[in-house]
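Participant: Dropping the sequence and predicted coords here.
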Amino acid sequence: MLPGKLEQALSLAVATLAAGVMPAPMERDVDRDEALRKLAAVAGECGWSVTTLKAVAGRDADLLFPAGVVEMVEAWSDLCDRAMVEAMQDTQEPRLSQRVRQAILLRLPSDEQRRSAARQGMTVFLSIRGQKAFRRAWVRTVNAIWQAAQDDATGLTYVSKRLTLGGVYASVFLYWLSRGAEEAGFAAFVDRRLADVLRIGRIKARFGLSAAPTAPAKG
């Protein structure tokens, strides 16, 4: 997985958010979810493949994902989004910024199994066949973070918030892939990125400027 290619893919994914159009939901059912959990548990070591899927989830498990391995990785991203939203349903945190922080840390846990599966998944997403799926998955995840944070923005604010968070999430995702095992360090990095956004927002408000998306920071 080449860093430059990943950063380019992330930039394109963030730019996709400007359209303000949500991709269609993924197909969801309990059998697909269970197969994905079994596959994700070994994907870091064995990779994402039809062969591995059938080995861990049954010889007919490939029928659950007719579009093949790209669909598997995209569906797994969607499953992780849903788990994050569900975990945030009962949050008592009154501050929106802190709810966003909670959602990001839930979506990107320090668990090495999850990070290894994500690294392997990115090799699929960075393939020619996987790039459109990656952009769809990215838009869904950014939207799901705002959903988990219980934000009710509409109109232009809805779009600008997703653009801004897309840039933040791109930088924290890169950090998480490489150094996310150290939970406290990763949380501190997330805090710095969110603080930067809040500080820029206050400056823009002071001078009467509209909010604009921030570019993905590196590392």
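Facilitator: Okay, I see it.
Participant: Thought residue 105 was touching residue 149, still the case?
Facilitator: No - the criterion here is Cβ atoms under 8 Å, and residue 149 misses it with residue 105 at 11.9 Å. For glycine as for every other residue, the C-beta is placed from the backbone atoms N, C-alpha and C.
Participant: quick one, which of the two is more surrounded?
Facilitator: residue 149 (23 against 18; other Cβ atoms under 10 Å).
Participant: which ones are touching that one?
Facilitator: Residue 149 is in contact with 88, 96, 99-100, 102-103, counting by Cβ atoms under 8 Å, 6 or more residues apart in numbering.
Participant: In terms of helices and strands, where is the residue most central in space within the chain?
Facilitator: Geometric centre of the chain, nearest residue: residue 141, 4.3 Å, by Cα atoms, centre = their mean. Following DSSP states H and E, one finds residue 141 within helix 131-148.
Participant: Downstream of that helix, the next helix or strand is which one?
Facilitator: helix 155-179.
Participant: Show me which positions of that following helix end up buried.
Facilitator: Buried residues in helix 155-179, counted by 16 or more other Cβ atoms under 10 Å: 159-177.
Participant: Next: stretch 85-96.
Facilitator: 85, 88.
Participant: Pull the residues that contact it.
Facilitator: The contact list for stretch 85-96, computed with Cβ under 8 Å, 6+ apart, reads 99, 102-103, 106, 144, 147-151.
Participant: So what does residue 90 have for phi and psi?
Facilitator: For residue 90, the backbone dihedrals (degrees, to the nearest 10) come out as phi -100, psi 20.
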